[in-house]
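**Q** Mind folding the following:
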Amino acid sequence: MPASVQTRLQFITTTAENNSPSLRPRQKRQVRSHAARSRAGRPQVHQRPLSSWLHQQCDGPASGAIGDHEALPPLLEPEPAHLPVDYSLLQLPSHVEPRVLHDALPFFRMAQERIYPKDVCYILVELDATWLAHMISDPVYFNAVAFATQGYFEVVSHGHLTAKPLLYLTRTLQLLRQRLDSPDNPGVNANSTMMTIVLLALVSEEIEPGENIANHLAGLEKLVGLRGGLSRVRSQGEELWTKVCRMDIVVAIRFDTKPRFFRDTMSWSSYLLKNQLKERRPDANAEELAQYISAKNTDLGNVWLDCKIFCDLANLAHQSGNLMRSEDFAEIMLSILYRLLHHSRMADVVQETLRLGMLAYITSIYLGETSIGIDQRRHLMHLFTSSLTKLEVNVETIPAPLGFWLLFIWHTLTSPPDAAAHLDAWLARLAEQLDVDDWEEARTLLKASLWINVLHDHMGKRVFDTLRSRIGRSRASTSSAHDIA
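**A** Presented below is the predicted three-dimensional model:
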């Protein structure tokens, strides 16, 4: 057998002569090599959790509290015990339909995949724990899940709701109204009550976008205030307060308003810098851009730094298979979005365009590229387009790589009918100025700013191909004009 083949087909062997408690150094290396290869195909999870940004903001006065409410106990009713996954062995209450329990798991899994990008996040849904327990113990929440599950799949499949999910919705609203009309009812402040409102809000946004989610959020804000603020919204596994905050963010983006929570108690310092596993070593271009933005506005500079670290972590997570915890993803997104949304609009056109550019890019990750996500950020993109138009004629120039990123992000996230020809032309001029000739060069330039390959390469390459065609036509036109002259 050739030596090269022998090298590739080495196995660890132990015979009577060499069997001993201690392995030889060469054997130890082989053990480590085989173990590493066996792990390579399995998705890994980043094992070091980030310190909670939400907890840090809630250390001060109760964020989101309404009035001077007395601090309440962490939980106002016993949390339902975790139940076995084989619920067929259980004696179910009269309000529970086994078919709904069966359909709930794929619905919740789908919902999690819509919230967390599966290419960079590890997603785990344990329906046999808190979700199932609340469905069995609380008729309000059960009917909400039944409506959400059947209503969502009917709209996706047939484009409309039938009578059955609407019946579940009617029951949910009746039971919920009865509960909320009885302030002494301990269920008013139950986690399952908040989960019901969150579920109704998020599903209504999918089925019938508009004012409903804002109305649900207003009611939920009152319950959060009665609980004593977000710091008191504690849950066991369902990540309740990150879902509450998601509603808050969606309403702020859709209606161009300030978020309801963290208005008075929020740190503007970098969240991710102190959570880094090792010292950052950004390239020279990235460092130059970060210094420019920090010089313009310290708060924006800190947010930009967190955005950059997040993009680097997301790229590394996908490349290595060492996926990000979904809880960490939610904390990072909320820390960035709350700061950008709470920041007042700035008279300085450069600063405002940077704020809107970061907001547009991070929102595209957080809300996704579905039709509902695009609809939710429609007004934001209008503001971004208007700000870029002002920036184009602004006296102050910005670094060409930063201008290229802003315009490229705008083009990537804007639907063709909404495109502005003058911004396309500006992007083409910057590409020529930076001597960007192919997609790899363009992506390297974008990654010096903010870019996640697996999430945006497909759209980005399509935008670049269009850009390259425009540059080619421009050069051909210029050459023809010179020939005529």
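**Q** Every contact and neighbour count from this point should use C-alpha atoms.
**A** OK.
**Q** roughly how far apart are the residue nearest the centre of the chain and Q319?
**A** The residue lying closest to the centre of the chain (CA atoms, centre = their mean) is Y366, at 3.0 Å. Per CA to CA, to the nearest Å, Y366 is found 20 Å from Q319.
**Q** Repeat that for H458.
**A** According to CA to CA, H458 and Q319 sit 16 Å apart.
**Q** who has more neighbours, the two?
**A** Neighbour totals were compared for H458 and Q319, and Q319 leads with 14 against 11 (other CA atoms under 10 Å).
**Q** got the contact list for the helix or strand where the more buried one lies?
**A** Element membership for Q319 (DSSP states H and E) is helix 298-320. Contact with helix 298-320 is made by 119-121, 268-273, 290-291, 293-295, 322-324, 332, 336, 339-340, 351, 354-355, 358, 362, 449-454, as judged by CA atoms under 8 Å, 6 or more residues apart in numbering.
**Q** In strands, which of these fall?
**A** C121, N322, L323, M324 (DSSP state E).
**Q** out of these, who's nearest D103?
**A** When those are ranked by distance to D103 (CA to CA), C121 comes first, at 23.9 Å.
**Q** how close does the spatially closest residue to that closest one that is not a sequence neighbour sit to N315?
**A** Closest residue in space to C121, ignoring its immediate chain neighbours: M324 at 4.6 Å, by CA to CA, 6 or more residues apart in numbering. The gap separating M324 from N315 is 10 Å, by CA to CA.
**Q** shared neighbours of these two, anything?
**A** Here M324 and N315 have V120 as joint contacts, going by CA under 8 Å, 6+ apart.
**Q** Neighbour count for the two, which is higher?
**A** M324 (27 against 21).
**Q** My guess is the more buried one contacts Y122. True?
**A** Yes - under the criterion of CA atoms under 8 Å, M324 makes contact with Y122 at 6.0 Å.
**Q** ok, and what's touching stretch 462-469?
**A** For stretch 462-469, the external contacting residues (CA under 8 Å, 6+ apart) are F408, H411, T412, D424, L427, A428, D437, W439, A442.
**Q** TSV for those, including neighbour count?
**A** Formatted as TSV, these follow (neighbours: other CA atoms under 10 Å):
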residue	neighbour count
F408	23
H411	23
T412	20
D424	17
L427	22
A428	25
D437	13
W439	17
A442	21
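**Q** doesn't S94 make contact with F142?
**A** No - contact status for F142 versus S94: not in contact, 11.4 Å apart, counting by CA under 8 Å.
**Q** Assign S344 to helix, strand or coil.
**A** coil (DSSP: H, G, I helix; E, B strand; the rest coil).
**Q** Sorry, wrong one. I was asking about L50.
**A** Of the three states, L50 takes coil under three-state DSSP.
**Q** quick one, what contacts S294?
**A** Listed by CA under 8 Å, 6+ apart, the contact partners of S294 are L300, G301, N302.
**Q** So the chain: which segments form each domain?
**A** Here the domain assignment for the chain is 3-42, 61-255, 283-484, based on automatic domain parsing.
**Q** Now those in CSV, please, with extra columns for distance to S52 and mean pLDDT.
**A** Listed next are those as CSV, based on distance: least, CA to CA, whole Å; pLDDT from 0 to 100:
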stretch, distance to S52, mean pLDDT
domain 3-42, 27, 42
domain 61-255, 11, 75
domain 283-484, 7, 87
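**Q** These: which one's closest to L54?
**A** When the domains of the chain are compared by CA to CA, domain 283-484 sits nearest L54, at 6.9 Å.
**Q** pretty sure K296 contacts V349?
**A** No - if you go by CA under 8 Å, K296 and V349 don't touch, sitting 11.1 Å apart.
**Q** between the two, who's got more neighbours?
**A** Legend: neighbour count by other CA under 10 Å for K296 and V349, higher for V349 (18 against 14).
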